[in-house]
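S.K.: okay, here's the prediction I keep looking at, along with the sequence it came from:
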Amino acid sequence: RKSYRNLGLFWLGSLMMSIVVFLLGNLTGKYSSDLSPAFLLNLPYVLIPIWAGVRLFQQPRALPCLSPETVAEEQRKRLYQRPQDLGLVLVLLLTAAFTFFRGMVVLDCPADSCFEYIYQHEPYLRDPVAYPKVQMLIYLFYVLPFFCLCIYGLALPGCSWLPDWSLVFAGAVAQAQFSHLGSSLHARTPFPYQTPEDVWWSFLLTNVLYALGPQLLAYRCLRCPAFFLPATPAGKKHQ
C-alpha cells in the first residue's frame with residue numbers, strides 16, 4: 001500500500017497558510033466591520049488540518065535502507081564538501097534577506113528603498129484588504145526563522161526534523177506565492193495596487209524564484225536523506 005504521507009505534509013502546509021491568511025486578513029482588513037456570525041463557520045476549516053497534521057506526524061516516516069557506515073560517511077562531510085547544499089544555503093540566505101526586506105516594507109519602514117519598492121514594484125502590499133500585509137508578516141515572523149533553522153540543519157548533521165518540516169513549509173510558501181502573484185496581477189485588483197507593467201517581469205521572476213527555494217530544499221531532503229538521519233551509536237555499528 002502506497003503511503004501519501006509526504007504529499008499530505010505538503011498539503012497541510014498549503015492549507016494552513018491559506019486559512020490563516022484568509023482569517024487574519026478578514027479580521028484586520030477593510031471589510032472587518034462587515035463580518036457576520038457566519039464567519040465562525042470557518043473554524044472547522046482550521047481544526048480539520050490540525051487534526052490531519054497530528055495524524056500525519058504520528059505516522060512513521062519511511063526511511064531508506066542505508067548502512068550505518070553510509071550514513072556516517074555522509075554526515076562526516078563538511079558544508080564546503082557538499083556543493084549542492086552550499087548552493088542551497090546561499091539560496092536560503094538570499095530568500096531570508098528578501099523576506100526580511102518585505103517585512104520591513106509592510107511595517108512602513110521609512111527607508112527610501114522600502115518606499116520605492118512598495119510604490120513602484122509591489123503596490124499590492126498597500127491594498128487595504130490586508131491579505132498581502134498579513135502574508136508578509138507571516139513570512140517575517142514564522143517563515144524567516146524557519147529559513148534560519150534550515151541553514152542550521154544543512155550545516156550540521158542529524159537534524160531529523162528537517163525533511164518533514166521542509167515539506168510543510170514548501171507547501172505553505174507555494175500556496176502563498178501562488179495567491180500573491182495571482183492577486184497582484186489580477187484584473188479585478190484596484191488599479192492603484194496592481195503591479196506596474198514596466199516591472200511586471202522582474203516582479204514575476206522574483207516571486208517565482210522566492211517560491212522555488214523551499215521546493216528545492218524539500219526535494220533535496222527527500223532525494224538524499226542520509227545527512228538528516230539520527231546518528232547511529234557506535235556500539236550498534238558493529239552489531
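M.R.: Done, it's in. Residues are numbered from 1 along each chain as shown.

S.K.: ok, now which ones touch Pro230?
M.R.: Pro230 makes contact with 158, 160 under the criterion Cβ atoms under 8 Å, 6 or more residues apart in numbering. Backbone N, C-alpha and C define where each C-beta goes, glycine included.

S.K.: tell me how far it lies from Gly153.
M.R.: Per Cβ to Cβ, to the nearest Å, Pro230 is found 13 Å from Gly153.

S.K.: which residue ranges of the protein form helices?
M.R.: Applying DSSP state H to the chain gives helices spanning 5-28, 43-58, 68-75, 83-106, 112-120, 131-138, 144-155, 162-185, 200-223, 234-237.

S.K.: Leu35: which of these is closest?
M.R.: Closest to Leu35 of these, according to Cβ to Cβ: helix 5-28, at 6.4 Å.

S.K.: how about low-confidence regions in the chain?
M.R.: Along the chain, the parts satisfying pLDDT under 70 run over 1-2, 231-239.

S.K.: do that again at 90, thanks
M.R.: Scanning the chain for pLDDT under 90 picks out 1-4, 26, 29-46, 59-75, 187, 224, 229-239.

S.K.: the closest residue to Trp11 other than its chain neighbours: what's it in contact with?
M.R.: Using Cβ to Cβ, 6 or more residues apart in numbering and skipping the chain neighbours, the partner closest in space to Trp11 is Gly171 (6.2 Å). Residues in contact with Gly171 (Cβ under 8 Å, 6+ apart) are 9-15, 17.

S.K.: how much space separates Gly171 from Gln177?
M.R.: When Gly171 is compared with Gln177 (using Cβ to Cβ), they lie 11 Å apart.

S.K.: do Leu125 as well
M.R.: Leu125 sits 14 Å away from Gln177, going by Cβ to Cβ.

S.K.: then Val208?
M.R.: 7 Å.

S.K.: so the two - more neighbours on which side?
M.R.: Gln177 (20 against 12; other Cβ atoms under 10 Å).
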